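Peer 1: With the sequence up front, the predicted model follows.
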2 protein chains.
Amino acid sequence: MATIYEVSELAGVSLATVSRVINDSGVVSPKTRDKVIEAMRELGYRPNTIAQSLATKRSNSVGVLIPELYGPFFGVILSSIEDELRTESKHVIITAGHSDEAIEKDGIEFLSSRNCDALILHVYAVSDEYIEQLRESNIPIVVIGRSVPGMESNCISIDNEQGGYAATKTLIELGHRQIATITGPLWKNDGKRRFEGYRRALDEFGLEFNPALQAEGDYEEASGRRGMRQLLEQEIPFTALVCANDEMAAGAVAVAQQRGISIPDDLSVIGFDNVYFTTYMNPALSTVHYPIEDMGRMAARCVLRDVYGMNGKAIQNRFEPRVVRRASTKGH
Amino acid sequence: MATIYEVSELAGVSLATVSRVINDSGVVSPKTRDKVIEAMRELGYRPNTIAQSLATKRSNSVGVLIPELYGPFFGVILSSIEDELRTESKHVIITAGHSDEAIEKDGIEFLSSRNCDALILHVYAVSDEYIEQLRESNIPIVVIGRSVPGMESNCISIDNEQGGYAATKTLIELGHRQIATITGPLWKNDGKRRFEGYRRALDEFGLEFNPALQAEGDYEEASGRRGMRQLLEQEIPFTALVCANDEMAAGAVAVAQQRGISIPDDLSVIGFDNVYFTTYMNPALSTVHYPIEDMGRMAARCVLRDVYGMNGKAIQNRFEPRVVRRASTKGH
DNA sequence: ATGTAAAATGTAAGCGGTTACATTCTATCT
DNA sequence: AGATAGAATGTAACCGCTTACATTTTACAT
């Protein structure tokens, strides 16, 4: 690969001049500019980004840490972040945190050591304090799916409690009175908040919360199946089920149908997230829309703004979930 | 951030010595090694990977270009590649090609300019010649999901024709005689091959191919819906349907069910890929297993072997699809 | 022609590491 | 004790670029 030095030789100018035309900085006479450009073309020259980074202390890379790289949810985050960043010639380095404190920390460490200009984090296990600390230390951070006190403007989050509430309320208004739930992991903030929303809706309508009608899952489909079996074993009748995400809803629905329970005739089910496969299900799953694509985009814009000084695009930090009614819920 | 220079000062040794202990290279007496390590600890020193890259001409990053970052299929590739590479401290830079020649080329350009040590490519639009050329030019390439003549050992591929054949044969053996198909884009290699397999199976069992029972899709769910409507409009009866991927199958099934066609009683459907949501469907979708996770892993191992000289892990270049029978197919 | 300010270009010192080669210790042998 | 090989350490050039500052050109006014 040709270097800037060879270009300068061929063009008969100095290194600095070549650098100037590369970066469009400083003033270069049109004549020399042309000579340089021609020389670059002739040599097939492309700047070495590593050397540029070393000299400028800018790597133009942003690290993205998400729980998993697969799945209907995280793929979309990734996709929107990359899309937004790529148009500004920033590249994204990815790694997975697996919702485990040690792995998440390790991932952050890994990305920082890669000289990322900024980090976009979707983390569960790591504490608010740790995140706060990170920010103070050195590297710009944007947190997604969580609101860290004191750094709200660098967080892109959604009101999970409201989502859980809305889902449950929808069912209640449909006439259901025995409403079971399969929650997310209660140690995860969003799992907890969605559950709290469920509780609030029950309270508000004077329905008593029955712990036997609650099962805790882990957001994976298998735990939805387990949860459903567990609920059924209680032999306490219920006519509706709110699940803390769509995957678990899919698992629950599968078990129910297997046992001859008709959805939505015998049981109304609502999920959460509105991932794409909800419309492939039979019946199509009612759910709570989580604007994950927009949120990823906003996270990217945050770093564009804070780190690369690019403004212009609007940023929304807080989102509201909204219920999407499909065929898996009906009146009772 | 502390530099190697500060460490050398504090430890009272030369730059070279510090570098030696960082890289475990050369001989360093245990005493000095300890001094250096202590100094690094004290300063919280971490090597600057950018500077290392510049000096060694190794960025320890591998670029991954896939059609899309979202979706059930590509997430899994990404996940397995990252997983495999991360354990060796290599990081992955991602970008999407959107199955468009210009965008794919641009993505390759983008990744190379990022000084990736190697590229893992899942590309459709770009020609074999272009890929071959790339390899000759400079940067190590591993191609996934496609076999480029002359560089088979750097390709991780699967026998799509065989997959299409097996899917169709399964249906035929179940007693079906009118078998429709919704193909992938026929300009894409895998779409074409799967379709060819379908044709071969028909031939082999003496069934005539009826063009009216073929619709071309684009691998997206919506095109499965469109395809199904189109097939139904022909008013030519068919009792089975082979789809070139699971998403289109999901779309086709949804349309069928909407029109009161029972799966599998009235119509047997088989997909392709065996992505995770096939088991969420009702009925669960029969499909052809595409070992995408293994293939991603193998691609990663290829670069580990070829670029970073790490052997030891077995590599398989060619994979065989196999039919997975679930509830969406039955005898006729 | 001469002086001067502004425009254009060049010089050289970093950025933070690696590494070939040179130099200095150490230990062993005679 | 002196010679010597091998181990340990140091020196300095280099990776390819940016940029503060110095120098040279150019254009224009006098």
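Peer 2: Right, received. Where do you want to start?
Peer 1: Let me see the ranges of the helices in the stretch 201-332 of chain A.
Peer 2: A:221-233, A:246-258, A:292-308 (DSSP state H, counting those that start in this stretch).
Peer 1: what packs against the first one?
Peer 2: Okay, so that is helix A:221-233. On a contact count with 3 or more Cβ pairs under 8 Å, 6 or more residues apart in numbering or on different chains; DSSP states H and E, helix A:221-233 meets strand A:179-183, strand A:214-216, strand A:240-243, helix A:246-258. Any C-beta I mention is one placed from the backbone N, CA and C, and that applies to glycine too.
Peer 1: Could you export the helices of the stretch 201-332 of chain A as JSON lines, including mean neighbour count?
Peer 2: Shown next, in JSON lines, are the helices of the stretch 201-332 of chain A (neighbours: other Cβ atoms under 10 Å in any protein chain shown):
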{"stretch": "helix A:221-233", "mean neighbour count": "20"}
{"stretch": "helix A:246-258", "mean neighbour count": "24"}
{"stretch": "helix A:292-308", "mean neighbour count": "22"}
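Peer 1: A:Pro149 reaches A:Asp128, doesn't it?
Peer 2: Yes. With contact defined as Cβ atoms under 8 Å, A:Pro149 and A:Asp128 form a contacting pair (6.4 Å).
Peer 1: In stretch A:275-292, which residues are buried?
Peer 2: Going by neighbour count (16 or more other Cβ atoms under 10 Å in any protein chain shown), the buried part of stretch A:275-292 is A:275-292.
Peer 1: CA atoms only: put it into PDB for me.
Peer 2: C-alpha atoms of stretch A:275-292 as PDB (Å, rounded to 0.1, in the frame of the first residue of the first chain):
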ATOM      1  CA  VAL A 275     -40.600  -8.200  17.500                       C
ATOM      2  CA  TYR A 276     -41.200  -9.200  13.900                       C
ATOM      3  CA  PHE A 277     -42.200 -12.800  14.400                       C
ATOM      4  CA  THR A 278     -45.300 -11.800  16.400                       C
ATOM      5  CA  THR A 279     -47.100 -11.500  13.200                       C
ATOM      6  CA  TYR A 280     -46.000 -15.000  12.100                       C
ATOM      7  CA  MET A 281     -47.700 -16.600  15.000                       C
ATOM      8  CA  ASN A 282     -51.100 -18.100  14.900                       C
ATOM      9  CA  PRO A 283     -53.000 -16.300  16.200                       C
ATOM     10  CA  ALA A 284     -50.900 -13.200  15.700                       C
ATOM     11  CA  LEU A 285     -49.700 -12.000  19.000                       C
ATOM     12  CA  SER A 286     -51.000  -8.900  20.700                       C
ATOM     13  CA  THR A 287     -48.100  -7.100  22.300                       C
ATOM     14  CA  VAL A 288     -46.600  -3.900  23.500                       C
ATOM     15  CA  HIS A 289     -44.600  -2.000  21.000                       C
ATOM     16  CA  TYR A 290     -41.000  -1.300  22.000                       C
ATOM     17  CA  PRO A 291     -39.500   1.200  19.500                       C
ATOM     18  CA  ILE A 292     -36.200  -0.500  19.500                       C
END
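Peer 1: Say whether chain B is contacted by that stretch.
Peer 2: Yes. Counting by Cβ under 8 Å from any Cβ of the partner chain, chain B has neighbours in stretch A:275-292: A:Tyr276, A:Phe277, A:Thr279, A:Tyr280, A:Met281, A:Asn282, A:Ala284.
Peer 1: and the last one, how far is that from DNA strand D?
Peer 2: Here the criterion is Cβ to the nearest atom of the strand, to the nearest Å. By it, A:Ala284 lies 53 Å from DNA strand D.
Peer 1: Please apply the same query to the fourth one.
Peer 2: From A:Tyr280 over to DNA strand D the distance is 49 Å, taken as Cβ to the nearest atom of the strand.
Peer 1: Please enumerate the strands of chain A.
Peer 2: All strands of chain A, identified by DSSP state E, fall at A:61-66, A:91-96, A:118-121, A:141-144, A:155-158, A:179-183, A:214-216, A:240-243, A:268-270, A:287-289, A:318-319, A:322-324.
Peer 1: Give the partner strands of the shortest one in its sheet and their orientations.
Peer 2: Strand A:318-319 has its sheet partners listed here by DSSP bridges as strand A:155-158 (parallel).
Peer 1: do the same with the last one
Peer 2: Paired strands of strand A:322-324, with direction, are strand A:287-289 (antiparallel) (DSSP bridges).
Peer 1: mean confidence score for the strand it pairs with?
Peer 2: Here strand A:287-289 scores 98 as its mean pLDDT.
Peer 1: How far off centre is that strand?
Peer 2: Centroid displacement of strand A:287-289 relative to its chain, using Cα atoms, centre = their mean, to the nearest Å, is 16 Å.
Peer 1: same deal with stretch A:4-13?
Peer 2: Taking Cα atoms, centre = their mean, one finds stretch A:4-13 lying 46 Å from the centre of the chain it belongs to.
Peer 1: buried set for it?
Peer 2: In terms of neighbour count (16+ other Cβ under 10 Å), stretch A:4-13 has its buried residues at A:Ile4, A:Glu6, A:Val7, A:Ser8, A:Leu10, A:Ala11, A:Val13.
Peer 1: Same question for stretch A:119-136.
Peer 2: A:Leu119, A:Ile120, A:Leu121, A:His122, A:Val123, A:Tyr124, A:Ala125, A:Val126, A:Ile131, A:Leu134, A:Arg135.
Peer 1: DNA strand D: which of these is nearest?
Peer 2: Using Cβ to the nearest atom of the strand, A:Leu119 is the member of the buried residues of stretch A:119-136 that lies nearest DNA strand D, at 22.8 Å.
Peer 1: who does that closest one bridge with?
Peer 2: Beta-bridge pairing for A:Leu119 (DSSP bridges): A:Gly63, A:Ile141.
Peer 1: picking that back up, out of the strands of chain A, which is the most enclosed?
Peer 2: Neighbour counts averaged per stretch over the strands of chain A are highest for strand A:240-243, at a mean of 30; criterion: mean count of other Cβ atoms under 10 Å in any protein chain shown.
Peer 1: and chain A, what are its domains?
Peer 2: What automatic domain parsing lists as the domains of chain A is A:4-47, A:60-159+A:292-321, A:160-290.
Peer 1: right, and A:Ala256 touches A:Ile263 too?
Peer 2: Yes. Under the criterion of Cβ under 8 Å, A:Ala256 makes contact with A:Ile263 at 6.1 Å.
Peer 1: Give the residues shared as contacts by those two.
Peer 2: Common neighbours of A:Ala256 and A:Ile263 (criterion: Cβ atoms under 8 Å, 6 or more residues apart in numbering or on different chains): A:Val269.
Peer 1: low-confidence ranges in the stretch 51-200 of chain A?
Peer 2: For the stretch 51-200 of chain A, no stretch has pLDDT under 70.
Peer 1: Chain B contacts on that one?
Peer 2: So the stretch 51-200 of chain A meets chain B at A:51, A:53-54, A:59, A:61, A:68-72, A:74-76, A:78-79, A:82-83, A:86, A:89, A:91-96, A:110-111, A:113-115, A:138 (Cβ under 8 Å from any Cβ).
Peer 1: Good, wrapping up.
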